[in-house]
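Participant: Provide a 3D model corresponding to the input given below.
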Amino acid sequence: MFTLDLAQELWKVNLDRSIGLQAWLVLWGAQTALLWLLWGWLRPQQRKLAQDYGKAANGWAIVLAIPLALTLSGLFAHPSYRSGITDVTLAETTMLTALLPSLALMFSLWRIRSNGAALGLGLFMGIALGGLLDRVNASPIQSAFAFLALGWLALLAGELWLSWQTPIAPSPSTREISTAKANAPQPKQNRFARTISRPLEQSCHLLPLGYVGISLVFGHLSFGPYSGLVTLLSAFILLGVSRRHRPFNILGYLGLGTASIGCFELLLYQLSQASGGDAGDGLVLIGLLSIGLAWALRLLLPLLHRALRLDATGLRQFAAGHWGLASFIGFTALLMSLSDQGGLLWMGLMAIAGLYALVAARQAPASLWLDAALVQLLSALGYAIHRLFYWPTFLAWAAVVACPIAMALEVIPWERLGWSRRAGQRWAALLPGVATLLTGWTIPLQGLLLVASFYGGLAQRRCSIRLSYLSLGLLDWAILKLMVMQQLTEPLWFGLLFSANLLYLAQLDPALKTQRDLRHWLRCLGTAIACFTALYQAEVGLGALGGFGTGLVAIALSLGFVLAGLALRVRAFLYVGTIAFVLRVLLQVWQYIQTDSLFLWAIGIVLGLLLIWIAATFEARRSQLSALLNRWLVGLETWH
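Facilitator: As a prediction, this is how the structure comes out:
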């Protein structure tokens with residue numbers, strides 16, 4: 001009733017224009033302070049009536065304090081609400097109005113340990129500071145540092161208070177009683193709730209965070225030279241709060257992230273003021289800062305683990321995030337223009353990032369860290385070679401240069417040095433092939449042959465037949481390149497090349513060792529492609545040889561397969577070679593018959609005599625020929 005009566009009287013006075021808005025604000029603050037003083041005096045008393053009056057006084061004080069704080073904040077945020085009050089008068093009125101509840105709350109906190117009172121004190125102290133800053137016409141960045149100072153003060157005061165409130169270790173008898181109580185079944189509580197047990201602990205955590213938020217807002221109203229410093233100092237407050245309890249670990253990682261952002265902001269401002277250089281140079285500098293932070297986190301990991309009470313695995317992952325950002329920025333910068341100094345810095349960035357990945361790979365051998373390290377180190381090496389050699393020359397022989405590097409990766413004792421051997425072997429096999437694909441339009445014939453030789457030697461070293469397929473593919477590429485250079489575009493050459501690949505696959509592939517039928521049909525296919533392409537080429541001619549000469553080539557090729565089948569005991573060569581040989585001979589005879597009819601009578605006479613001789617021999621030696629034929633058929637079943 002007292003509060004309502006006082007408000008009514010003040011309203012009447014204001015209607016009479018006897019006092020202004022300044023007096024309204026001061027009286028509003030004084031009444032709020034008076035109610036909190038009354039609460040602080042009555043609440044600790046033992047009498048029930050005094051405690052009830054104290055609760056009521058606190059409730060009315062809160063009712064008045066909330067709109068008062070909103071009004072004072074609104075006067076700062078919206079100058080149109082000031083109703084003609086000058087800035088100097090407003091600042092002084094704000095400081096006085098905010099200091100009155102602050103002093104009352106200090107008295108109340110001295111008698112009552114209340115988180116609400118501590119938060120209210122922090123709120124009105126912040127408003128009073130805002131009035132002071134308005135009074136001296138402080139800039140936004142000055143206001144940011146002022147609230148940062150208030151945040152640091154709240155953080156240090158909270159540390160002192162919490163250390164003073166730490167319970168003393170109990171005596172042995174008390175410890176036994178506590179152990180017995182702890183072993184008794186208790187209802188499940190929230191983990192965070194168990195940590196907030198000491199008086200004023202919540203406010204000790206929340207007040208510094210509130211001041212940090214205000215300082216960040218003021219510090220980034222406009223981006224300037226000190227915006228990054230505000231962010232960096234704010235991060236330390238977050239880290240200071242996070243180390244108090246394990247459930248606050250998220251604040252710790254948020255603080256580390258904020259510190260990183262502050263460092264980036266400082267660098268970005270310097271880059272925005274700099275002149276000269278190319279577009280990619282700035283990105284390289286940002287990447288160097290990121291990898292520098294990653295190294296700092298890794299090297300200081302034991303110290304950060306103890307000081308900030310953060311999980312070591314989480315810190316490693318946070319450092320790995322900076323490494324990933326640096327790697328992404330580095331490869332993005334490569335797509336832009338780089339100056340000479342920027343190119344050197346880029347090589348340094350890739351080398352430092354690669355060394356970081358090498359160190360990380362020793363702690364996680366089964367991961368992809370070593371692959372990432374090799375990619376970055378090889379990229380730096382490739383860029384260095386590119387800067388040393390003329391660009392077209394480097395492109396033409398890049399795959400050949402990659403071969404000795406790949407061989408070095410092959411022979412390095414990875415396991416003895418603490419890394420996985422698989423990654424080194426994998427990149428030893430991939431590097432020349434990738435370089436060949438990336439520079440395939442400029443690589444010379446000699447380069448293809450050298451790379452094919454490298455893969456052949458690597459396949460022999462590892463006893464890996466399938467690795468030799470890379471050598472075979474590069475050899476095919478070289479042969480096709482040579483055919484194009486010599487203008488050998490007839491189907492015969494392409495058929496022979498494809499047939500050779502199929503026969504190589506059927507002969508050496510490990511998976512076909514146990515699949516006899518599939519292996520036989522692959523050989524039949526390869527032999528048929530070669531023989532029947534030659535038959536077709538004999539019909540259309542082959543350059544200057546003409547039809548007759550090409551026919552002889554087809555006969556020789558078919559006869560060669562027949563002889564190879566007999567010598568190697570391979571059925572596919574014998575069957576397909578014999579069929580192609582007979583067809584080519586018949587076609588050749590038919591061509592002669594069409595040009596000379598007397599040749600037909602000669603062929604008929606010779607063929608008739610041959611048939612008579614075969615029939616006579618078969619009748620005379622029927623049993624011997626039957627036994628020989630059976631042995632031949634049985635022997636064919638054992639052939640390849």
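Participant: show me what contacts residue 268?
Facilitator: 228, 286 (CB atoms under 8 Å, 6 or more residues apart in numbering). For the C-beta atoms, the positions are set from N, CA and C on the backbone; glycine is no exception.
Participant: now what about whichever strand or helix holds residue 346, what contacts it?
Facilitator: For residue 346, the host element (DSSP states H and E) is helix 340-363. With CB under 8 Å, 6+ apart as the test, helix 340-363 has contacts from 277-278, 280-281, 284-285, 287-288, 291-292, 294-295, 298, 316, 320, 323, 326-327, 330, 333-334, 338, 367, 369-370, 372-377, 379-380, 383-384, 387, 418-420, 423.
Participant: switch the cut-off to 6 Å
Facilitator: Residues from elsewhere that reach helix 340-363 (CB atoms under 6 Å, 6 or more residues apart in numbering): 278, 280-281, 284, 287-288, 291, 294, 323, 326-327, 330, 338, 369-370, 372-373, 376-377, 379-380, 383-384, 418-419.
Participant: continuing past it, what's the next helix or strand?
Facilitator: Heading C-terminal from helix 340-363 (DSSP H and E), you reach helix 369-388.
Participant: residues in contact with the following helix or strand past that following helix?
Facilitator: Next helix or strand after helix 369-388 toward the C-terminus (DSSP H and E): helix 391-411. By CB under 6 Å, 6+ apart, the surrounding residues in contact with helix 391-411 are 386, 424, 427-428, 431-432, 435-436, 439, 442-444, 447, 450-451, 454.
Participant: where along the protein do the strands fall?
Facilitator: For the chain, strands defined by DSSP state E do not occur.
Participant: quick one, helices of the stretch 401-550 of the chain?
Facilitator: 414-417, 421-438, 445-462, 468-485, 491-508, 516-540, 546-568 (DSSP state H, counting those that start in this stretch).
Participant: Quick check: buried residues in the first one?
Facilitator: Judged by neighbour count (16 or more other CB atoms under 10 Å), helix 414-417 contains these buried residues: residue 414.
Participant: and that helix, what does it pack onto?
Facilitator: Helices and strands touching helix 414-417, by 3 or more CB pairs under 6 Å, 6 or more residues apart in numbering; DSSP states H and E, are helix 421-438.
Participant: just checking, what packs against the helix it packs on?
Facilitator: When contacts are defined as 3+ CB pairs under 6 Å, 6+ apart, helix 421-438 sits against helix 369-388, helix 391-411, helix 414-417, helix 445-462.
Participant: Mean pLDDT added to those, as TSV?
Facilitator: What follows is the helices and strands packed on helix 421-438, written out as TSV (pLDDT from 0 to 100):
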stretch	mean pLDDT
helix 369-388	89
helix 391-411	87
helix 414-417	85
helix 445-462	91
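Participant: Throw these into TSV and include distance to residue 558, thanks.
Facilitator: Output for these, formatted as TSV (distance: least, CB to CB, whole Å):
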stretch	distance to residue 558
helix 369-388	50
helix 391-411	39
helix 414-417	52
helix 445-462	30
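Participant: right, so of those helices, which gets closest to residue 60?
Facilitator: Within those, the stretch nearest residue 60 is helix 369-388; the backing value is 63.7 Å (CB to CB).
Participant: buried ones in the closest one?
Facilitator: When neighbours are counted by 16+ other CB under 10 Å, the buried residues of helix 369-388 are found to be 369-383.
Participant: Stretch 47-67 too?
Facilitator: 53, 54, 57, 58, 60, 61, 64, 65.
Participant: list the contacts for the third one?
Facilitator: When contacts are counted by CB under 6 Å, 6+ apart, residue 57 is found next to 35, 38, 39.
Participant: Most neighbours out of those, which is it?
Facilitator: Neighbour count (other CB atoms under 10 Å) singles out residue 39 as the most crowded of the contacts of residue 57, with 28 neighbours.
Participant: Can you point out the buried residues in the helix holding residue 346?
Facilitator: Neighbour-count burial for helix 340-363 [16+ other CB under 10 Å]: 342-343, 345-347, 349-354, 356-358, 360-361.
Participant: rewinding a little: quick one, which of the helices and strands packed on helix 421-438 is nearest to residue 235?
Facilitator: Nearest to residue 235, of those and by CB to CB, is helix 369-388 at 27.8 Å.
Participant: Which strands and helices lie in contact with the closest one?
Facilitator: Helix 369-388 packs on helix 340-363, helix 421-438, going by 3+ CB pairs under 6 Å, 6+ apart.
Participant: Mind doing that once more with 10 Å?
Facilitator: With contacts taken as 3 or more CB pairs under 10 Å, 6 or more residues apart in numbering; DSSP states H and E, helix 369-388 sits against helix 312-334, helix 340-363, helix 391-411, helix 421-438.
Participant: now for those helices, which one comes closest to residue 524?
Facilitator: So among these, helix 421-438 is nearest, using CB to CB, at 31.4 Å.
Participant: Just the buried subset of the contacts of helix 391-411, please.
Facilitator: 424, 427-428, 431-432, 435-436, 439, 443, 447, 450-451, 454.
Participant: ok, of the buried residues of helix 340-363, which one's closest to residue 469?
Facilitator: Taking CB to CB as the measure, residue 469 sits nearest to residue 361 out of those, at 29.5 Å.
Participant: Which of the buried ones among the contacts of helix 391-411 sits closest to residue 217?
Facilitator: Distances from residue 217 to the buried ones among the contacts of helix 391-411, taken by CB to CB, are shortest for residue 427, at 49.4 Å.
Participant: need the contact list for that closest one.
Facilitator: Going by CB atoms under 10 Å, 6 or more residues apart in numbering, residue 427 touches 370, 371, 374, 375, 378, 405, 406, 409, 410, 434.
Participant: likewise residue 446?
Facilitator: Counting by CB under 10 Å, 6+ apart, residue 446 has contacts 396, 397, 400, 478.
Participant: Low-confidence regions, the stretch 201-350 of the chain specifically.
Facilitator: Within the stretch 201-350 of the chain, not a single segment meets pLDDT under 70.
Participant: hmm, try it at 80
Facilitator: Under the criterion pLDDT under 80, the flagged ranges of the stretch 201-350 of the chain are 201-204, 245-248, 276-277.
Participant: for it, what spans make up the helices?
Facilitator: Ranges of helices in the stretch 201-350 of the chain, per DSSP H, counting those that start in this stretch, are 201-219, 227-242, 249-273, 279-299, 301-308, 312-334, 340-363.
Participant: centre of the chain versus the third one, how much separation?
Facilitator: Per CA atoms, centre = their mean, to the nearest Å, the displacement of helix 249-273 from the mean C-alpha position of its chain is 20 Å.
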